[in-house]
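**Student:** structure for this input, please:
(2 chains)
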Amino acid sequence: DAGVIQSPRHEVTEMGQEVTLRCKPISGHDYLFWYRQTMMRGLELLIYFNNNVPIDDSGMPEDRFSAKMPNASFSTLKIQPSEPRDSAVYFCASSPGTSATNEKLFFGSGTQLSVL
Amino acid sequence: KNQVEQSPQSLIILEGKNCTLQCNYTVSPFSNLRWYKQDTGRGPVSLTIMTFSENTKSNGRYTATLDADTKQSSLHITASQLSDSASYICVVSSLSTDKLIFGTGTRLQVFP
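**Tutor:** Reported below is the predicted structural model:
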């Protein structure tokens, strides 16, 4: 298996533009997570899905952020409009189970987002 | 408040030496404690997962310990290699929220 695949690896955009990050989870994993990592705050959970259904989006910072999972093999995280403070590394991760089940969480390589 | 704190923030050692990274947490009740290794420019990779009842778990040269009474964990790296240079992140699973609480990591640099 190729692991969790994210695209693009790097994204540079101007403030106010729409940004779409993409993720393909590991086949067979029922859970998909979107995280954001910054130097100051470390890794923060934004939202997670179970069987393509959003379960908890309490970590989504503002209405400017939205995420979808139209099928088991694809998810997007969209920021519209983007702001400089959104600059961070965004990780997608997938797992066969929730964190309480002791299942491993597999991360993608991340998307480095820079909003100018 | 559920928190995970790691120390030191950064560490420099010479190749071949051992080192120990610390993790203190306040998450309660917790389901499991994990250690991840994150290379620069990559996503975190799982090293170990320990449940409440486990005291130690090894993965090659990496050995994690857990003291659930004092809410402390450590990650010991034996005979360090240049490839061990990375950030090491301690993560605790909250049983009440079913979410992972991440520490901010220890940045380890191994020099020849």
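**Student:** CA atoms only: put stretch A:57-74 into PDB for me.
**Tutor:** Taking C-alpha atoms only, stretch A:57-74 is exported to PDB below (Å, rounded to 0.1, in the frame of the first residue of the first chain):
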ATOM      1  CA  ASP A  57     -15.600  19.100  13.500                       C
ATOM      2  CA  SER A  58     -15.200  21.000  16.800                       C
ATOM      3  CA  GLY A  59     -11.500  21.700  15.900                       C
ATOM      4  CA  MET A  60     -12.300  23.600  12.700                       C
ATOM      5  CA  PRO A  61     -11.200  27.100  13.500                       C
ATOM      6  CA  GLU A  62     -13.800  29.100  11.600                       C
ATOM      7  CA  ASP A  63     -16.500  28.900   9.000                       C
ATOM      8  CA  ARG A  64     -13.800  29.600   6.400                       C
ATOM      9  CA  PHE A  65     -12.800  25.900   6.800                       C
ATOM     10  CA  SER A  66     -14.800  23.100   5.400                       C
ATOM     11  CA  ALA A  67     -14.100  19.400   4.800                       C
ATOM     12  CA  LYS A  68     -15.800  16.700   2.700                       C
ATOM     13  CA  MET A  69     -15.400  13.000   2.200                       C
ATOM     14  CA  PRO A  70     -17.500  12.100  -0.900                       C
ATOM     15  CA  ASN A  71     -16.300   8.500  -0.900                       C
ATOM     16  CA  ALA A  72     -14.100   6.100   1.100                       C
ATOM     17  CA  SER A  73     -11.000   7.000  -1.000                       C
ATOM     18  CA  PHE A  74     -11.000  10.800  -1.100                       C
END
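**Student:** for that stretch, what is the average pLDDT?
**Tutor:** Averaged over stretch A:57-74, pLDDT sits at 94.
**Student:** what do you get for stretch B:19-28?
**Tutor:** 95.
**Student:** check stretch A:38-53 too.
**Tutor:** 93.
**Student:** can you check the distance spanned by it, start to finish?
**Tutor:** 27 Å (Cα to Cα, to the nearest Å).
**Student:** anything in it near chain B?
**Tutor:** Yes - judged by Cβ under 8 Å from any Cβ of the partner chain, stretch A:38-53 comes into contact with chain B through A:41-45. Quick note: C-beta positions are derived from backbone N, CA and C, even for glycine.
**Student:** show the pLDDT at the residue positioned nearest the centre of chain A.
**Tutor:** Residue closest to the mean C-alpha point of chain A, counted by Cα atoms, centre = their mean, is A:Trp34 at 2.8 Å. A:Trp34 carries a pLDDT score of 97 in this model.
**Student:** before we move on, what SS does the closest residue to it other than its chain neighbours have?
**Tutor:** By the measure of Cβ to Cβ, 6 or more residues apart in numbering or on different chains, the closest residue to A:Trp34 outside its immediate chain neighbours is A:Leu46, 4.4 Å from it. Classification of A:Leu46 using DSSP: H, G, I helix; E, B strand; the rest coil returns strand.
**Student:** look at A:Leu46 and say how many residues are nearby.
**Tutor:** If you count neighbours by other Cβ atoms under 10 Å in any protein chain shown, A:Leu46 ends up with 20.
**Student:** what does chain A have sitting close to chain B?
**Tutor:** A:4, A:41-45, A:56, A:91, A:93, A:98-100, A:102, A:104-110.
**Student:** just to revisit the earlier point, in CSV, list the residues of stretch A:38-53 next to chain B along with distance to A:Pro61 and neighbour count.
**Tutor:** Formatted as CSV, the residues of stretch A:38-53 next to chain B follow (distance: Cβ to Cβ, whole Å; neighbours: other Cβ atoms under 10 Å in any protein chain shown):
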residue, distance to A:Pro61, neighbour count
A:Arg41, 11, 11
A:Gly42, 15, 19
A:Leu43, 14, 24
A:Glu44, 9, 14
A:Leu45, 11, 21
